[in-house]
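Participant: this one's structure only:
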């Protein structure tokens, strides 16, 4: 009788019987953790000594809570950043796997890990919203990795999600390789808010933060639409020397 089952149903039945696989190494997981112990050790959090506004680690140990010079001189439109950890090693590989190959189970595991590393301010947000792709890019890719993470994160936090709160009104081209100011110019006017969000505390979700230009422009539009606070949640925080 099994031979008559469609292949997809048989595969799903087998998946239910077998324990889930670690997205980092394909080993079987023996508990509810998102990653095996070995991979989890590689996914280290950001250092405690970091800017609470942009999450950039300080070059030397300083008291936590100290705003970095860049944020002090030119405060970004967003109010804080949370991340799983530094954008390198296994985390970088997982983000690439999710972004370019839609690595199975990576979105759920990464969202679960990110939820555990959110700041208190991020946890208090009323609404979760992903950074959108331009419709043309979305058709080409077939999915938005930031939206995948945002949906899983909202479910974990028991929060509301609006995947269409922001729209990308024009294609902006690839960001890698552009300097910080070039990224800001490239993104200016690229987003619009579909509706007012007066008084809402919004958790804005993206995959990686490098210069912060993308989330800054998105946060600026959300603040214009009435958002009281915009917290940012990303999988990886890249150092600025990569720009």
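Facilitator: Great, that's in hand. Here the structure is a predicted model, which is why all the values come from computation and not from measurement. Numbering: from 1, shown residues only.

Participant: please make it C-alpha for all contacts and neighbour counts, starting now.
Facilitator: Noted.

Participant: would you confirm that residue 231 belongs to a helix?
Facilitator: No. Per DSSP: H, G, I helix; E, B strand; the rest coil, residue 231 lies outside any helix segment and is strand.

Participant: dig out what it forms beta bridges with.
Facilitator: Under DSSP bridges, the beta-bridge partners of residue 231 are residue 80, residue 203.

Participant: in the chain, which spans are helices?
Facilitator: Applying DSSP state H to the chain gives helices spanning 7-17, 37-42, 69-73, 89-101, 106-116, 120-123, 135-141, 145-157, 180-187, 213-224.

Participant: list the contacts for residue 78?
Facilitator: Contacts of residue 78 were listed using Cα atoms under 8 Å, 6 or more residues apart in numbering, and they are 53, 215, 216, 219, 220, 229, 230, 231, 232.

Participant: columns pLDDT and neighbour count on top of these, output as JSON lines?
Facilitator: Shown next, in JSON lines, are these (pLDDT from 0 to 100; neighbours: other Cα atoms under 10 Å):
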{"residue": "53", "pLDDT": "95", "neighbour count": "22"}
{"residue": "215", "pLDDT": "96", "neighbour count": "28"}
{"residue": "216", "pLDDT": "95", "neighbour count": "21"}
{"residue": "219", "pLDDT": "97", "neighbour count": "27"}
{"residue": "220", "pLDDT": "96", "neighbour count": "18"}
{"residue": "229", "pLDDT": "98", "neighbour count": "23"}
{"residue": "230", "pLDDT": "98", "neighbour count": "28"}
{"residue": "231", "pLDDT": "99", "neighbour count": "26"}
{"residue": "232", "pLDDT": "99", "neighbour count": "31"}
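
Participant: residue 82: which of those residues is nearest?
Facilitator: Taking Cα to Cα as the measure, residue 82 lies nearest residue 232 of these, at 6.2 Å.

Participant: measure the closest residue to residue 146 other than its chain neighbours to residue 144 for me?
Facilitator: Using Cα to Cα, 6 or more residues apart in numbering and skipping residues adjacent in sequence, the residue nearest residue 146 is residue 206, 4.9 Å away. Relative to residue 144, residue 206 is positioned 10 Å away (Cα to Cα, to the nearest Å).

Participant: now swap in residue 98 and tell me
Facilitator: According to Cα to Cα, residue 98 and residue 144 sit 10 Å apart.

Participant: next: residue 208.
Facilitator: From residue 208 across to residue 144, the span is 13 Å (Cα to Cα).

Participant: need the per-residue pLDDT for the nearest residue to residue 214 once chain neighbours are set aside.
Facilitator: With sequence-adjacent residues excluded and distances taken as Cα to Cα, 6+ apart, residue 214 is closest to residue 187, at 6.7 Å. Here the pLDDT value assigned to residue 187 is 70.
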